[in-house]
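Quick one: sequence and predicted model below, then my questions.
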Amino acid sequence: IAGITQAPTSQILAAGRRMTLRCTQDMRHNAMYWYRQDLGLGLRLIHYSNTAGTTGKGEVPDGYSVSRANTDDFPLTLASAVPSQTSVYFCASSDSGGYNEQFFGPGTRLTVL
Amino acid sequence: GQNIDQPTEMTATEGAIVQINCTYQTSGFNGLFWYQQHAGEAPTFLSYNVLDGLEEKGRFSSFLSRSKGYSYLLLKELQMKDSASYLCAVKAGDYKLSFGAGTTVTVRA
């Protein structure tokens, strides 16, 4: 693995179903983030984690949950998907020093019907 | 929270120069980033400004004025591959970024 990987690449999901989007990084970055990107709205932060074992709410957290059991993994769970959660989801990570430049995964395109 | 504004779209000719402006209102300003995002791909880092002034990196330059809450990204000698969205993002406080909606730049031959 090099950088950040996300799975699945895309998914079509029935409303009401539970779904977990996976994110793994191998850069040993302390901080990780989940964003959703919708046309005309840009990237909006859902949840973040500054270090393993801690998480925080971003701008649009409702309907989503996260966990950070270790440094590398940061899964995002939709407990009961709704059509308004149709979006492209990006995971990102950053180091605690320097710029805190965020590196992004390739994204997951999720459609909720 | 942050209020970040940038134009929705810009069009320019190959070889020309384009300037993308970004204005922001925030408390606890701690740096401004520019990212490039090609259609269907992830954003990639272009530049970072935390102090006033111009940062130059090849064909791309970024400027910051903290007192005016203003930044711009300058793309010189435009190439077709520069057609993409350009995202302005502000860091306030810890690691979190707030993004503008992005500016789609189309480069025409």
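Sure, I can see it. Numbering: from 1, shown residues only, chains lettered A, B, ... in the order given.

Can you check the pLDDT for A:Ala52?
pLDDT recorded at A:Ala52 is 94.

How about the one 3 residues further on?
In this model, A:Thr55 is scored at 95, pLDDT.

One more: the one 5 residues further on?
Note for A:Val60: predicted pLDDT of 96.

One more: A:Leu41?
Looking at A:Leu41, its pLDDT is 86.

again, but for B:Ala39
At B:Ala39 the predicted local distance difference test score is 94.

What about it, how many residues nearby?
Neighbouring residues of B:Ala39 were enumerated by other CB atoms under 10 Å in any protein chain shown; the total is 8. No exception for glycine: its C-beta is placed from N, CA and C like everyone else's.

didn't it look like it was pressed against B:Thr106?
No. Using CB atoms under 8 Å, B:Ala39 and B:Thr106 do not qualify as a contacting pair, with a distance of 11.0 Å.

Chain B contacts on chain A?
Residues of chain A that fall close to chain B, judged by CB under 8 Å from any CB of the partner chain: A:31, A:33, A:35, A:40-45, A:48, A:50, A:58-59, A:90, A:94, A:96, A:99-107.

Pull out the buried members of those residues.
With neighbours counted by 16 or more other CB atoms under 10 Å in any protein chain shown, these contain buried members at A:31, A:33, A:35, A:42-45, A:48, A:50, A:58-59, A:90, A:94, A:100-105, A:107.

Which parts of chain A are strands?
In chain A, the segments counted as strands under DSSP state E are A:4-7, A:10-13, A:19-25, A:31-38, A:42-49, A:56-57, A:64-66, A:76-78, A:87-94, A:103-104, A:108-112.

actually chain B, not the one I wrote
With strands called from DSSP E, chain B shows them at B:3-5, B:9-13, B:18-25, B:29-37, B:44-49, B:53-57, B:60-65, B:70-75, B:84-92, B:97-99, B:103-108.

In the fifth one, which residues are buried?
For strand B:44-49, the neighbour count (16+ other CB under 10 Å) marks B:Leu46, B:Ser47, B:Tyr48, B:Asn49 as buried.
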